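# I'll drop the sequence and a predicted model, then ask my questions.
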Amino acid sequence: MQSDQSEPAHDDSPGDSSSAGEPVSRFFPYPAALLALTISAFAIGTNEFIIVGLLTPIGTDLGVTVATAGLLVSLYALAVAFGAPVITGLASRVGRRKLLLSLMGLFVAGNVVAAFAPTYELLVLARVLTGLAHGVFFAIGSTIAVDIVRKERESSAVAIMFAGLTVATATGVPLGTYIGQSFGWRTTFWAIVLLGLIGFVSSWVLLPRDLENKEQGSFADQLSALVEGQILLVLAMTAIGYGGTFVAFTYLEPILREISGFEPATVSALLVLYGAGVFVGNLGGGKLSDRFGAVQTLVGLFAVQAVVLAAFTFTASDPTWSIVTVFLLGVVGFANVPPLQTYIVNKAERLAPEAVNVVSGLNIGAFNVGIAVGAYVGGWVTEGGNGLSLVDTPWVGALFVLGGLALTVLSWLLDRRQSSSKTPSAVTSD
């Protein structure tokens, strides 16, 4: 792996940018720029999921059905999944600091439009704009997080950035939903505008000014990464392994209500507990990846995740065990995010250095494809008429995760084979 350090992708590593690499304190041994990324991620994460709790008031105010309002969720996800790689590639010549600030500006502007939107169509446009900003932000932010820390802390840095997203899921979204239901849905978007401005200012102040862009090829050259088999393999790992979580998670609320027998207020509390598990798993996944390696960590995480999902099929009917399992589902369901993102960025630096940003964007898209496919399969399972029902969503999700595990093992074996084949040549060259 020593050869990776000589590639252009590391031109703006901590060793070349002292302002980026200085740790905040002994208790937070990471550069302040990482805090800016995390704050912005919190704003973006709140914006992504907040709409779920506002569908009814939005539909009533804008004169559309709840189902039509629900398209605001799907269209946002599509903007993230398909727009992010394209925009990331087209903007490859733009410095990453300038690009990130532009994205936060677009994010703020999109939410201002959403807060004012007099029609459903204009609200759709606002959601698409902020969805595009979301995808490119995490694609570029991941490469920055990796570059501003030492090699052994890369996954933890990515995890800290994504912690903004997970904290938003656990706290920002419930709080935003409360604001929307108490003061009107437009007030929620104004609150997100404020969060976005805080993210913009913190990025302006804390992101190093000497943060250069990675050397990237033309847009056509970057698209060549799509024919790199090992990169496609990791994208499939992300979509299938991560997507398995959403076969069951999408229907977690009705599972807890109809099968576990919890009252609505208790279900809300359990969803917060799930969010706490997500936060723990996200940071823990980063730590494990730094210690044992990304692909090795993914093998273990996917194996445990499949077991926990399968177990939920049986524990869901028991109130006590379902509480324990819900927390564990949060932990294992999102612990794979940091190693997946770190793994593909490192692999792109080695196999397609001219397309690192685009590959990072593609993986963000793969996460969202996994969410969409997992939710669709979960819906098919719950519809009935196929011999399956709501309680079967966990074990079906476990099958997806096992598929992701198989692909991960294959990728690990390919890595080991390449590593062993390079060793003799390295010795000869020395």
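Structure's in. What do you need? Residues are numbered from 1 along each chain as shown.
# From A41, how far out is R416?
33 Å (Cβ to Cβ, to the nearest Å). To be clear about C-beta, it is placed using only N, CA and C from the backbone, and glycine gets the same treatment.
# So between those two, which is more surrounded?
Each of R416 and A41 has its neighbours counted (other Cβ atoms under 10 Å); A41 has more, 25 against 11.
# Tell me which helix or strand V295 sits in.
helix 294-315 (DSSP states H and E).
# Kindly report the same for F42.
With DSSP H and E as the criterion, F42 is inside helix 32-50.
# Can you mark which positions in that helix are buried?
For helix 32-50, a neighbour-count test (16 or more other Cβ atoms under 10 Å) marks 32-50 as buried.
# After that helix, which helix or strand is next? Please name it.
helix 55-62.
# Can you spell out which helices and strands pack onto that next one?
helix 66-78, helix 120-147, helix 185-206 (3 or more Cβ pairs under 8 Å, 6 or more residues apart in numbering; DSSP states H and E).
# how about the CA coordinates for the host helix or strand of V167, as PDB?
V167 is located in helix 154-167, with elements delineated by DSSP H and E. Taking C-alpha atoms only, helix 154-167 is exported to PDB below (Å, rounded to 0.1, in the frame of the first residue of the first chain):
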ATOM      1  CA  GLU A 154      -9.300   8.100   7.800                       C
ATOM      2  CA  SER A 155     -12.400   6.000   8.600                       C
ATOM      3  CA  SER A 156     -12.900   7.800  11.900                       C
ATOM      4  CA  ALA A 157     -12.800  11.100  10.200                       C
ATOM      5  CA  VAL A 158     -15.400  10.000   7.700                       C
ATOM      6  CA  ALA A 159     -17.500   8.600  10.600                       C
ATOM      7  CA  ILE A 160     -17.300  12.000  12.400                       C
ATOM      8  CA  MET A 161     -18.600  13.800   9.300                       C
ATOM      9  CA  PHE A 162     -21.400  11.300   8.800                       C
ATOM     10  CA  ALA A 163     -22.200  11.600  12.600                       C
ATOM     11  CA  GLY A 164     -23.800  14.900  11.600                       C
ATOM     12  CA  LEU A 165     -26.200  13.000   9.400                       C
ATOM     13  CA  THR A 166     -26.900  10.400  12.100                       C
ATOM     14  CA  VAL A 167     -27.400  12.900  14.900                       C
END
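# So which other helices or strands are in contact with it?
By 3+ Cβ pairs under 8 Å, 6+ apart, helix 154-167 packs against helix 32-50, helix 120-147, helix 264-292, helix 337-351.
# How far does it sit from its chain's centre?
Helix 154-167 sits 9 Å away from the centroid of its parent chain (Cα atoms, centre = their mean, to the nearest Å).
# That one to helix 32-50, inter-axis angle?
Angle of helix 154-167 versus helix 32-50, following axes from the mean of the first three to the mean of the last three Cα atoms, to 10 degrees, is 40 degrees.
# Rounded mean pLDDT for helix 154-167, please.
If you average the pLDDT over helix 154-167, you get 86.
# Residues in contact with it: which ones?
Contact with helix 154-167 is made by 30, 34, 37-45, 48, 138, 141-142, 145-146, 148-149, 275, 278-279, 282-283, 285-290, 294, 297, 334, 337-339, 341-342, 346, as judged by Cβ atoms under 8 Å, 6 or more residues apart in numbering.
# cutoff 7 Å now
30, 34, 37-42, 45, 141-142, 145-146, 149, 278-279, 282-283, 285-287, 289-290, 294, 334, 337-339, 341-342 (Cβ atoms under 7 Å, 6 or more residues apart in numbering).
# What average pLDDT does stretch 240-253 get?
88.
# what's the span of that stretch, first residue to last?
22 Å (Cα to Cα, to the nearest Å).
# Need the single longest helix in the chain, by residues.
helix 393-429 (DSSP state H).
# tell me what that one is packed against?
helix 229-237, helix 243-249, helix 294-315, helix 356-382 (3 or more Cβ pairs under 7 Å, 6 or more residues apart in numbering; DSSP states H and E).
# My guess is A316 contacts I255. True?
Yes: if you go by Cβ atoms under 7 Å, A316 and I255 touch, sitting 5.6 Å apart.
# Next secondary structure element downstream of the helix holding V167?
Heading C-terminal from helix 154-167 (DSSP H and E), you reach helix 173-183.
# Please tell me how far T393 sits from G379.
For T393 relative to G379 (Cβ to Cβ), the value is 9 Å.
# oh, I was asking about L54
L54 is 21 Å from G379, by Cβ to Cβ.
# Could I get the contacting residues of G105?
F200.
# Going by secondary structure, it is in what exactly?
helix 96-116.
# So what angle separates the directions of that helix and helix 185-206?
160 degrees.
# can you dump the C-alpha coordinates of helix 96-116 into PDB?
In PDB, the C-alpha atoms belonging to helix 96-116 read as follows (Å, rounded to 0.1, in the frame of the first residue of the first chain):
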ATOM      1  CA  ARG A  96     -12.900  21.700  -3.200                       C
ATOM      2  CA  ARG A  97     -13.200  24.500  -0.700                       C
ATOM      3  CA  LYS A  98     -14.900  26.700  -3.300                       C
ATOM      4  CA  LEU A  99     -17.100  23.900  -4.400                       C
ATOM      5  CA  LEU A 100     -18.100  23.000  -0.800                       C
ATOM      6  CA  LEU A 101     -19.000  26.600  -0.100                       C
ATOM      7  CA  SER A 102     -21.000  26.800  -3.300                       C
ATOM      8  CA  LEU A 103     -22.900  23.700  -2.300                       C
ATOM      9  CA  MET A 104     -23.800  25.100   1.100                       C
ATOM     10  CA  GLY A 105     -24.900  28.300  -0.700                       C
ATOM     11  CA  LEU A 106     -27.100  26.200  -3.000                       C
ATOM     12  CA  PHE A 107     -28.500  24.300   0.000                       C
ATOM     13  CA  VAL A 108     -29.500  27.500   1.800                       C
ATOM     14  CA  ALA A 109     -31.000  29.000  -1.400                       C
ATOM     15  CA  GLY A 110     -33.000  25.800  -2.000                       C
ATOM     16  CA  ASN A 111     -34.500  25.800   1.500                       C
ATOM     17  CA  VAL A 112     -35.400  29.500   1.200                       C
ATOM     18  CA  VAL A 113     -37.300  28.600  -2.000                       C
ATOM     19  CA  ALA A 114     -39.000  25.700  -0.100                       C
ATOM     20  CA  ALA A 115     -40.000  28.000   2.800                       C
ATOM     21  CA  PHE A 116     -41.600  30.500   0.300                       C
END
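# No more questions from me, cheers.
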